[in-house]
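A.B. asks: Just need the structure, nothing else, for what follows:
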Amino acid sequence: MSYNFDDINVGGQVKVGTGIVPAIKEGDEKINGSMYAEGPVVFGGPTEFGENEATLMVGRTKNSDDDCEPADRSVHIRGNQRIDGDDGTDNALYVTGGGTVDSLYVDGDVFVTGKVDCDNKGRLASRFSSADARPKPFDIKHPSREGYRLRYACVEGPEVGVYHRGRVKNEKVIILPSYWKDFVYIDSISVQLQPIGAHQDVIVKRWDDEKIYLQSKGGMPIDCFYHVYAERNDINPLITEYEGESCEDYPDPNHHKISEDERNYKDPEYATEQNIRTK
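C.D. replies: Numbering: from 1, shown residues only. Model (predicted):
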């Protein structure tokens with residue numbers, strides 16, 4: 001049996017299903033305006049879901065009334081949310097959309113209680129702070145030993161540095177990347193040379209924003225490995241020592257305290273001389 005109504009106004013509770021529901025209380029203590037549905041429940045178009053996929057299934061609005069303009073979202077939540085996963089599926093939260101999720105914006109803290117990579121748990125802000133005090137590694141499946149993993153860590157130092165490396169053979173110059181002239185402080189460049197096969201008394205004769213000019217004893221052919229290091233000029237130099245109790249006390253707000261589009265990496269207050277000078 002079914003009933004059809006044009007409008008229903010309920011001042012108390014709506015219950016669909018059986019059982020006592022502590023969350024909305026019962027009898028004299030009932031919460032007016034509350035609702036219970038045993039499920040499954042579908043909102044939106046009647047054919048959005050072909051089978052019972054969840055207790056609550058929400059699809060796009062399919063109301064054809066002239067005064068109903070379908071929204072471009074199925075769910076809009078204003079307020080806080082909580083997800084308690086269980087063993088029903090592999091993932092407590094599974095997101096798809098156009099093949100990829102372009103971005104995730106979180107204004108506030110994100111707290112992870114379940115297992116993530118390497119069993120890291122806890123408030124992500126705390127995890128990042130903890131990571132700042134430790135080596136920054138990558139950890140991958142070993143490329144050549146079955147059952148092993150490979151872990152490398154970043155080289156760290158008191159500057160925002162970059163490097164260029166390679167081999168010079170039968171040449172007298174090291175050609176720098178073309179963009180270095182606009183990317184690094186030229187007077188921060190330093191060079192390390194390692195002759196191959198025999199002593200060649202190779203020296204750095206001079207350098208500019210395009211090349212490192214080499215010279216060998218007696219003009220003999222040069223064959224050597226090289227490492228060229230320099231400090232980036234597109235970001236404020238590191239302040240290596242500062243007063244504070246945590247990384248939040250770092251003096252330059254352009255690194256973390258303001259939004260990306262408001263940051264100024266040429267801020268005259270913090271864009272002091274670079275940390276390393278070689279001229």
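
A.B. asks: Show me the shaky parts of the stretch 101-250 of the chain.
C.D. replies: For the stretch 101-250 of the chain, residues meeting the criterion pLDDT under 70 lie at 101-135.

A.B. asks: All the strands of it, in order from the start?
C.D. replies: 111-112, 122-123, 137-141, 149-153, 161-169, 173-175, 190-195, 203-207, 211-215, 223-231 (DSSP state E, counting those that start in this stretch).

A.B. asks: Out of those strands, which is the most enclosed?
C.D. replies: Mean neighbour count (mean count of other Cβ atoms under 10 Å) peaks for strand 223-231 among these, with a mean of 19. C-betas here are computed from N, CA, C, even on glycine.

A.B. asks: Give the pairing partners of that one; include direction for each.
C.D. replies: strand 161-169 (antiparallel), strand 190-195 (antiparallel) (DSSP bridges).

A.B. asks: tell me how far the shortest one is from the chain's mean position?
C.D. replies: The gap between the average C-alpha position of strand 190-195 and the chain average comes to 35 Å, counting by Cα atoms, centre = their mean, to the nearest Å.

A.B. asks: quick one on the thing from earlier: need the strands paired with strand 223-231 in a markdown table (columns: distance to residue 149).
C.D. replies: Below are the strands paired with strand 223-231 laid out as a markdown table (distance: least, Cβ to Cβ, whole Å):
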| stretch | distance to residue 149 |
| --- | --- |
| strand 161-169 | 26 |
| strand 190-195 | 30 |
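
A.B. asks: now for those strands, which one comes closest to residue 89?
C.D. replies: Closest approach to residue 89 among the strands paired with strand 223-231 is made by strand 161-169 (43.6 Å; Cβ to Cβ).

A.B. asks: quick one on the thing from earlier: and the strands of the stretch 101-250 of the chain as a markdown table, adding distance to residue 69?
C.D. replies: Formatted as a markdown table, these follow (distance: least, Cβ to Cβ, whole Å):
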| stretch | distance to residue 69 |
| --- | --- |
| strand 111-112 | 37 |
| strand 122-123 | 40 |
| strand 137-141 | 49 |
| strand 149-153 | 54 |
| strand 161-169 | 53 |
| strand 173-175 | 61 |
| strand 190-195 | 64 |
| strand 203-207 | 65 |
| strand 211-215 | 64 |
| strand 223-231 | 56 |
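
A.B. asks: for the ones you listed, which one sits closest to residue 68?
C.D. replies: Here strand 111-112 is closest among the strands of the stretch 101-250 of the chain (Cβ to Cβ), at 38.1 Å.

A.B. asks: if we can go back for a sec, would you mind telling me which of the strands of the stretch 101-250 of the chain is nearest residue 244?
C.D. replies: strand 122-123 (19.8 Å).
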